[in-house]
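1. I'd like to go over a predicted model; first the sequence, then the structure.
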Amino acid sequence: MKTPTKTPAKSKAKVTKVAVASKAKPTKASKAKASVMPKLTPVKQALQNHLIFSSFKTSEAATPRDWYDASSYTVRDHVVERWVKTAEAYYRDDPKRVYYLSLEFLIGRMLSNAALNLGIKDELKEGLAGLGLELENTVEMETDAALGNGGLGRLAACFLDSMATMAIPATGYGIRYEYGMFKQTIENGQQVENPDNWLRYGNIWEFQRPEVTFNIRFYGQLVKYSSEEGEKQHWIDGEHVVAMAYDVPVPGFGGDTVNSLRLWSAKAAREFDLRHFNDGNYEKAVEERNETENISKVLYPNDASVLGKELRLKQQYFFVSASIQDILRRFLTTHEIKKQSDWNILPEKIAIQLNDTHPSIGVAEMMYQLVDCHHLPWAQSWALVNKIFAYTNHTLMPEALETWSVDLFGRLLPRHLEIIYKINDEFLHMVNHKFPGDADLLTRVSIIDETHGRRVRMAHLAVVGSHTVNGVAALHSELLKEFLFADFDRIYPGKLTNVTNGITPRRWLNQANPGLTALIESAIGAGFKKDLTQIKKITPLANDKDFKKAFAAVKLANKVRLANKIEQKTGIKLNVNSLFDVQIKRIHEYKRQLLNVLHVITLYNRIRSGEKNITPRTVIFGGKAAPGYWMAKQIIRLINDVALIVNNDIHVGDQLKVVYYPNYEVSAAEILFPGSDLSEQISTAGTEASGTGNMKMALNGALTIGTLDGANVEIMEEVGIDNIFIFGLTTPQVAETKANGYNPRDYYNNNPALKEVLDMIGSGFFSVEEPNRYQPIIDNLLNNGDQYLLLADYASYIETQDKVSSVYQNQDEWTRMAILNVANMAKFSSDRAISDYANNIWHAKASKS
């Protein structure tokens, strides 16, 4: 629908006082009212009350889902009480606020995490037990929130937890995906993508805010007009989409702070056309609504088509624009702006963190809001933007840095393209002044790429518009300075820095591994739950016979739990005394799940040849491949084809099993990490930015086999080279190998075991009905350059895996090493990471409610 607009009016939103984004300042009377909170009833009584009054069920008629609902409402009451107090404290004290923009937030299940963080998990468990119910079964009724896919979303969720725990005034902003990315099933060995209808039963943990809406414009045209500052442009006409807010509470651990995650859902400006309906054109009557709501339907729509690319860009602008309008609305609610100079306090009150390149359009959107909507001068607006934004980079691969064609960008967001042109023009003038005559430099750093069909480089926009750019591991950050952003490091000395990623110990130890948590608490007290640096105190216990015995018993119990879940999901029965060798992460060639498969087949061949003294091993894979990533999906199929042969070979028995864990998600990870013995972190050196699965595995007592890539380097430094299994080429060696004319066939011809494995795959040994099924994989390795150097690292990987097998046979030594890994994980707490961000980038302080 075309909506003519003469001037870009400010978007309006009404917000209730209880919301974190309250529109009105709290009055003395409202503060007094809010301070008188209703007294919460005991948990058992609250459960029964909510069953009747919230679910309209009696105990006799209640289903397991009804009891989950009653449990969630009960815990939610405690959360909301603290949430209101937190919101009021923020408005009262007016601290600097942090806004974390991310396309993904993998927050997992809320019930158990909220109960744990609020310290009422035991009460809830007892209350349910008094009604003849088990907390574990009740928690299982909750569906994972489908708000992400991989490490990016899990990191964002960890950061929200830490910000709330540390009382940092913060709000996460993202999209309320109706169907997430997809629900993965494995059928005939292949990934099948199904809609992830996680909202089928509603979401007790979200609060719809129909009064918090913003208009988001797409398409349209620009018209010029004259002003005191010269010629300007208006963005008029186009299509309008309404962004509606949904708030999710983020309770901190052991304190009173509850922050917010605000998610945006796309709504049509006109949902239903009665005229078309009355004419019998029922599809046309709801066409606009359907097209609009596609924006928040699915995470990462397949961008193989032009329409798919357009939808992705729409998604990004939609949530960024709504978020920035909301941020500015909140600022104006609490600060009286009478003249232009009053805006200069904006960077003292807000900090915006861009989690990867997806929200980098925020730089241009903030300029649009300040210049076009609030009528600030360009120079003042740009100075403010440069003090507000910071950008986290998550990749080392140039091809992974997002770019958009100028044609698409200009058609969808014409005003923002003009803004980016002006930003780029001023930036290039500055660079030319600083480095005169270096035309190649200007070409390399320009926000507009003129060498590949004119494209907007979103990472360059984020770098130019931010005051700080950080990598996510020490190695990653150094490589950013040396290679990917080397030019920017020359232009902006000191702008690039490092903040090594971290994980929240609340979810990934306390919640996921209660047995290990209880064991550690019995030895050193409970302080480590909030301050992970205290976990170092268990170091001497690595040599304590009784502690090692108890530690091993916890690990076995976790393996039994995982084995039962795998049998339930796949029908495969596992030997729990075997080495559980686990690689769970997004499926991608650089993560080298294929190298793991080559090792599996190598072990299989050894068993077939009659080799004795094989350490029994269960190799577990898990992860999703992007729907359009054909090669990754072929790797999944190969894993399952290999599993089919290996698991059904009577000569193999329990010596080797291969499992593909379907639909890897947060709740699955909470079982997989504690049940793992060996953590596979085997990406080609120089490709993985950081990784966080490596941290979660080590914190749960798994030993790492990995390359010197990402955060593996720092894990090695913390746990010691003798307590980790490192293999393969280093980053400089990878570069040198490629520079010297890497020929993968040399490795193939000179290693009989490798040759046998590749020949089996290529000849159809694992795909008899379709012998050439995996020829493209073989071609990639032998004829197309083996981009990620699997064959170059194969021998070192096999040799190191043999060392793993040898050490595992000495359970006393294995347990000692595992304890030392747990003891040295304090650096990888997200609390430490958030402290780094707050002190060095955001300059934000805690605000106690």
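-> Good, I have the coordinates.
2. tell me the contacts of the residue nearest to Glu688 when sequence neighbours are not counted?
-> Counting by C-beta to C-beta, 6 or more residues apart in numbering, Gly710 is the residue found nearest to Glu688 once chain neighbours are left out, at 3.8 Å. Where C-beta positions appear, they are placed from N, C-alpha and C, glycine not excepted. Contacts for Gly710 (C-beta atoms under 8 Å, 6 or more residues apart in numbering) come out as 473, 475-476, 681, 683, 688-691, 694.
3. repeat that for 10 Å
-> Shown in contact with Gly710 (C-beta atoms under 10 Å, 6 or more residues apart in numbering): 396, 472-476, 500-501, 681, 683, 685-692, 694.
4. state the distance from the closest residue to Ala62 other than its chain neighbours to Gly132.
-> Leaving aside its sequence neighbours, Ala62 sits nearest to Leu51 (C-beta to C-beta, 6+ apart; 5.9 Å). Distance, Leu51 to Gly132, by C-beta to C-beta, to the nearest Å: 13 Å.
5. shared neighbours of the two, anything?
-> What both Leu51 and Gly132 touch, as defined by C-beta under 10 Å, 6+ apart, is the set 59, 67.
6. returning to that earlier point: quick check: phi and psi at the residue nearest to Glu688.
-> When read as degrees, to the nearest 10, the backbone of Gly710 gives phi 50, psi -140.
7. use 25 as the first number from now on
-> Shifting the count to begin at 25 puts that one at Gly734.
8. and the pLDDT for it?
-> Note on Gly734: pLDDT of 97.
9. what does Gly646 give?
-> The confidence metric pLDDT takes the value 98 at Gly646.
10. name whatever forms a beta bridge with it.
-> Bridge pairing for Gly646 (DSSP bridges) gives the partners Ile608, Tyr685.
11. residues near it, how many?
-> 21 (other C-beta atoms under 10 Å).
12. list the residues that contact it.
-> Counting by C-beta under 10 Å, 6+ apart, Gly646 touches 208, 606-609, 611, 617, 683-689, 692-693, 696.
13. list the buried residues of stretch 417-435.
-> Neighbour counts using 16 or more other C-beta atoms under 10 Å place 417-420, 424-430, 432-434 of stretch 417-435 among the buried residues.
14. from those residues, which has minimum pLDDT?
-> Lowest confidence among the buried residues of stretch 417-435: Ala424, with 86.
15. pretty sure it contacts Ala483?
-> Yes: using C-beta atoms under 10 Å, Ala424 makes contact with Ala483 at a distance of 9.3 Å.
16. low-confidence regions, the stretch 25-174 of the chain specifically.
-> 25-65 (pLDDT under 70).
17. next: the chain.
-> For the chain, the ranges with pLDDT under 70 are 25-65, 295-298, 300-303, 305-312, 873.
18. can you rerun that using 80?
-> Scanning the chain for pLDDT under 80 picks out 25-65, 251-255, 279, 294-314, 873.
19. what helix or strand is Lys827 on?
-> helix 814-832 (DSSP states H and E).
20. for the helix or strand just after that helix, the distance to its chain's centre please.
-> Sequence order places helix 835-847 as the next helix or strand after helix 814-832, per DSSP H and E. When distances are taken as C-alpha atoms, centre = their mean, to the nearest Å, helix 835-847 is centred 29 Å away from the chain's centroid.
21. how about the CA coordinates for helix 835-847, as CSV?
-> Taking Å, rounded to 0.1, in the frame of the first residue of the first chain, the C-alpha atoms of helix 835-847 are listed here in CSV:
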residue,chain,number,x,y,z
GLN,A,835,40.8,-43.2,33.7
ASP,A,836,42.7,-41.8,36.7
GLU,A,837,44.8,-39.6,34.5
TRP,A,838,41.9,-38.6,32.3
THR,A,839,39.9,-37.5,35.3
ARG,A,840,42.8,-35.5,36.7
MET,A,841,43.1,-33.6,33.4
ALA,A,842,39.3,-33.1,33.3
ILE,A,843,39.3,-31.6,36.8
LEU,A,844,42.1,-29.2,35.8
ASN,A,845,40.1,-28.1,32.8
VAL,A,846,37.1,-27.2,35.0
ALA,A,847,39.3,-25.5,37.5
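22. which elements pack onto the helix or strand just after that helix?
-> Sequence order places helix 854-861 as the next helix or strand after helix 835-847, per DSSP H and E. Counting contacts by 3 or more C-beta pairs under 10 Å, 6 or more residues apart in numbering; DSSP states H and E, helix 854-861 packs against strand 121-125, helix 175-189, strand 492-495.
23. now helix 854-861 - C-alpha only, CSV.
-> What follows is helix 854-861, C-alpha atoms only, in CSV (Å, rounded to 0.1, in the frame of the first residue of the first chain):
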residue,chain,number,x,y,z
SER,A,854,30.6,-14.1,30.3
ASP,A,855,30.7,-12.1,33.5
ARG,A,856,34.4,-11.3,32.7
ALA,A,857,33.5,-10.5,29.1
ILE,A,858,30.7,-8.1,30.1
SER,A,859,33.0,-6.5,32.6
ASP,A,860,35.5,-5.8,29.8
TYR,A,861,32.7,-4.4,27.6
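24. would you agree Tyr197 falls within a helix?
-> No: counting by DSSP: H, G, I helix; E, B strand; the rest coil, Tyr197 falls outside a helix, being strand.
25. that one - nearest residue in space that isn't next to it in sequence?
-> Closest to Tyr197 by C-beta to C-beta, 6+ apart is Ser347, at 3.9 Å.
26. Ala763 and Thr711, how far apart?
-> Counting by C-beta to C-beta, the gap between Ala763 and Thr711 amounts to 17 Å.
27. filter the contacts of Gly646 down to the buried ones and hand me the PyMOL line.
-> Remark: buried members of these, expressed as a PyMOL selection using 16+ other C-beta under 10 Å:
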select buried, resi 208+606+607+608+609+611+617+683+684+685+686+687+688+689+692+693+696
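28. part of a strand, is Leu732?
-> No: read with three-state DSSP, Leu732 is coil and lies in no strand.
29. can you get me a residue count around it?
-> Here the number of neighbours of Leu732 (other C-beta under 10 Å) works out to 17.
30. one step back: which one of Leu75 and Gly156 is surrounded by more residues?
-> Legend: neighbour count by other C-beta under 10 Å for Leu75 and Gly156, higher for Leu75 (23 against 8).
31. isn't that one right up against Arg89?
-> No: using C-beta under 10 Å, Leu75 is not in contact with Arg89, being 11.3 Å away.
32. re the thing from before, pick the most deeply packed of the helices and strands packed on helix 854-861.
-> Highest mean neighbour count among the helices and strands packed on helix 854-861 (mean count of other C-beta atoms under 10 Å): helix 175-189, with a mean of 27.
33. helices of the stretch 125-274 of the chain, start to end?
-> 135-142, 145-153, 159-163, 175-189 (DSSP state H, counting those that start in this stretch).
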